[in-house]
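fold the following and give me the result.
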Amino acid sequence: MSLAPLVEPADELTNDEVRRYSRHLIIPDVGMAGQKRLKNAKVLVIGAGGLGSPALLYLAAAGVGTLGIAEFDEVDESNLQRQIIHTQSDIGKSKAVSAKESIAEANPYVEVVLHEERLDNDNVMDVFRGYDLIVDGTDNFATRYMVNDAAYFLGIPYVWGSIYRFDGQASVFAPSLADDAPCYRCLYPEPPPPGMVPSCAEGGVLGVLCAAIGSIQVNEAIKLITGIGDPAVGKLVIYDALELEWRKLRVRKDPDCALCGENATVTGLIDYDAFCGAISDEAADAAAGSTISVVQLEHMLKERAEGTRDFTLVDVREQNEFEINKIPGSVLIPKGEFLNGNAFEQLPQDTPVVLHCKSGVRSAEALAALKGAGYSDAVHVGGGVVAWVNQIDPSQPSY
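Numbering: from 1, shown residues only. Next up is the predicted model:
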């Protein structure tokens, strides 16, 4: 659908700006008026990570006048494989500050506003106010639903993107711009079951996939701001990097949507962590009173080496993760083997079982299955191998 330009044009471009944006100015669809709209635009990018990195750089290069960055994290070495706005010298620095410095190098005519805080129900509406458009680079479902709801209540359109391993998705959610435009809840009315969809930190992501989806998001942002082309409102763009295949699906407004439907039940911000659930209720129940720390595990391993204690330590991650780092003395049985029941044939019946994963989420899910099978004395390690590397054995690499 064609939409009116989202932003009014600025009064003028300086001679320096004309020279800088000349390749835009000679495109008839953009021209002087379109570039002035970009100069006058205020765009908030949520996250300066995999998607936020290319999005911020291309928005800045395109001449968006004001860029907001909502980011509370610090640059980690594992980020550099895909988060191209940061460099080696930025490790340990605030991602928001690092991104601002890179933008200043890319285009000194862009004003950057930092929001160095974790978005939550208490601040999200205040952070969003005053922006014309939001580009969503978040990587968890709770924040995505919060972004969607807050943007809807404020009448701000936003460009959404998602990445995982070799697959990416993008769309534009803008109920405020068209009566038949869907929101994120129209596409995904309910979050996936806890533990069903791994995060990029657990499952990985091809670095260059971020550039593909991030650039699609900027493309849509430019179209919305300038009023050109046919934005991806009511469309879901799907990219399979392995097969080099792009698909486009129609997304219709759901008349029964809990947020934008005729009889909406979501009329304000909700408890998004509870709505999405970090882990299932069964896993939370299983972990209650059956969680040990890495310090306790280290003591148990010493006792096992001395012959005064016996237990089986099981790593429920995947083989490729097991090859990166491991807790000594552990055996690998991936979480899926617990969920389908095959793991029980590999476990001893006469010794306690201790489970761990990367952070404690997957091991809690496996623990629930284990307790359901009668292993009442099984426990899992809170914090997983991340805590082990940070607190016990920093000589091992993290990921």
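
distance between the ends of stretch 217-236?
Taking Cα to Cα, to the nearest Å as the measure, stretch 217-236 stretches 12 Å from start to finish.

all strands for this protein, in order.
42-46, 66-70, 111-115, 133-136, 158-164, 167-173, 235-240, 245-250, 291-292, 312-315, 331-332, 353-356, 379-381 (DSSP state E).

got the domain boundaries for the protein?
The chain breaks down into these domains under automatic domain parsing: 15-276, 281-391.

buried ones in the longest helix seen in the chain?
When the chain is parsed with DSSP state H, its longest helix is helix 207-226. Going by neighbour count (16 or more other Cβ atoms under 10 Å), the buried part of helix 207-226 is 209-226. Using the backbone N, CA and C atoms, a C-beta is placed for each residue, glycine as well.

list the helices and strands it packs on?
helix 31-40, helix 52-62, strand 133-136, strand 158-164, strand 167-173, strand 235-240 (3 or more Cβ pairs under 8 Å, 6 or more residues apart in numbering; DSSP states H and E).

to E116, which of those lies closest?
helix 52-62 (13.7 Å; Cβ to Cβ).

can you list the helices and strands that the closest one packs against?
With contacts taken as 3+ Cβ pairs under 8 Å, 6+ apart, helix 52-62 sits against strand 42-46, strand 66-70, helix 95-106, strand 133-136, helix 207-226.

next, the buried residues of the third one.
Across helix 95-106, burial judged by 16+ other Cβ under 10 Å covers K95, A96, V97, S98, A99, K100, E101, S102, I103.

how about those in CSV, adding distance to V354 and pLDDT?
Below are these laid out as CSV (distance: Cβ to Cβ, whole Å; pLDDT from 0 to 100):
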residue, distance to V354, pLDDT
K95, 35, 98
A96, 39, 98
V97, 41, 98
S98, 39, 98
A99, 41, 98
K100, 45, 98
E101, 45, 98
S102, 44, 98
I103, 47, 98
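
now those in JSON lines, with distance to F338?
Compiled in JSON lines, the buried residues of helix 95-106 are given as follows (distance: Cβ to Cβ, whole Å):
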{"residue": "K95", "distance to F338": "35"}
{"residue": "A96", "distance to F338": "39"}
{"residue": "V97", "distance to F338": "42"}
{"residue": "S98", "distance to F338": "40"}
{"residue": "A99", "distance to F338": "40"}
{"residue": "K100", "distance to F338": "45"}
{"residue": "E101", "distance to F338": "46"}
{"residue": "S102", "distance to F338": "43"}
{"residue": "I103", "distance to F338": "46"}
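
ok, of the residues you listed, which one's closest to Y152?
Nearest to Y152 among the buried residues of helix 95-106: A96, at 25.2 Å, using Cβ to Cβ.

follow-up on the earlier one: can you add mean neighbour count and give the strands of the chain back as CSV?
Converted to CSV, the strands of the chain look like this (neighbours: other Cβ atoms under 10 Å):
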stretch, mean neighbour count
strand 42-46, 26
strand 66-70, 23
strand 111-115, 17
strand 133-136, 26
strand 158-164, 25
strand 167-173, 24
strand 235-240, 17
strand 245-250, 10
strand 291-292, 16
strand 312-315, 22
strand 331-332, 14
strand 353-356, 26
strand 379-381, 27
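
got a markdown table for those, with mean pLDDT too?
Output for these, formatted as a markdown table (pLDDT from 0 to 100):
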| stretch | mean pLDDT |
| --- | --- |
| strand 42-46 | 98 |
| strand 66-70 | 98 |
| strand 111-115 | 98 |
| strand 133-136 | 98 |
| strand 158-164 | 97 |
| strand 167-173 | 98 |
| strand 235-240 | 98 |
| strand 245-250 | 97 |
| strand 291-292 | 96 |
| strand 312-315 | 98 |
| strand 331-332 | 96 |
| strand 353-356 | 98 |
| strand 379-381 | 97 |
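
which one of these lies nearest to N325?
Nearest of these (Cβ to Cβ): strand 312-315, 10.0 Å.

could you dump the domains of the chain to a markdown table with distance to L6?
Shown next, in a markdown table, are the domains of the chain (distance: least, Cβ to Cβ, whole Å):
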| stretch | distance to L6 |
| --- | --- |
| domain 15-276 | 5 |
| domain 281-391 | 39 |
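
picking up where we left off before, with distance to A286 added, can I get the helices and strands packed on helix 52-62 in a markdown table?
Output for the helices and strands packed on helix 52-62, formatted as a markdown table (distance: least, Cβ to Cβ, whole Å):
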| stretch | distance to A286 |
| --- | --- |
| strand 42-46 | 33 |
| strand 66-70 | 35 |
| helix 95-106 | 35 |
| strand 133-136 | 33 |
| helix 207-226 | 35 |
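
the ones you listed: which one's closest to F166?
Closest approach to F166 among the helices and strands packed on helix 52-62 (Cβ to Cβ): helix 207-226, 6.4 Å.
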